[in-house]
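Visitor: attaching a predicted model along with its sequence, questions to come.
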Amino acid sequence: VPGPEEPGSPAPALSDADPEAVAVLTALRRVDPRLVLSAQEAARLAPAVAEWLAAGVGPREITELLTVRLPDRFRVRPASVLAFRLRETPLPLPAPAPLPPSVERPAVLPFQTCDGCERAFRAPGPGHCRSCRDRLGEQGLRAAG
């Protein structure tokens, strides 16, 4: 994010800056006529705006972030205010990962009434409950044995 200009450091070239970031910065003057930036200021701020664009923040949201509640008068160049806002406002969190496809829950079987004891149990069709099936199975084994 742009910091104070160091003497002797080469000024960034506007031609090297991200064109979409430069477009966002130059469009700010339409929202607030005081936000006219020089080519050098736009080139210095463009990497920070490009970082926001890469994070998935749209040009409209960036414009709103940079122009909302500006002071009535600037004590410094508007580029310094914009650099501060770009530097101090945290990038939004990445979009959450999509949820895994929902797992199909098994169908709930309907209640049936046991033919032997009239107890309710869940089953796909009428018949005997587990207790009656166990009892009938034991009686069949005794009769066979």
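Guide: The structure has been received and is ready for your questions. It should be emphasised that the depicted structure is a prediction, and the values quoted were computed from it without experimental measurement.

Visitor: please name the residues that touch the closest residue to Arg135 other than its chain neighbours.
Guide: Excluding its sequence neighbours, the residue lying closest to Arg135 (CB to CB, 6 or more residues apart in numbering) is Gly116, at 7.7 Å. Using the backbone N, CA and C atoms, a C-beta is placed for each residue, glycine as well. Residues in contact with Gly116, defined by CB atoms under 8 Å, 6 or more residues apart in numbering, are His128, Cys129, Cys132, Arg135, Leu136.

Visitor: just checking, the third one touches Cys114?
Guide: The one in question is Cys132. Yes: contact criterion CB atoms under 8 Å: Cys132 and Cys114 qualify, at 5.6 Å.

Visitor: returning to that earlier point: mark which of the contacts of Gly116 are buried, thanks.
Guide: Among the contacts of Gly116, those classed as buried by 16 or more other CB atoms under 10 Å are His128, Cys129, Cys132.

Visitor: what pLDDT does the model give Glu20?
Guide: In this model, Glu20 is scored at 95, pLDDT.

Visitor: how near is the residue nearest to His128 when sequence neighbours are not counted to Arg85?
Guide: Nearest residue to His128 in three dimensions, chain neighbours excluded: Gly116, at 5.1 Å (CB to CB, 6+ apart). From Gly116 over to Arg85 the distance is 78 Å, taken as CB to CB, to the nearest Å.
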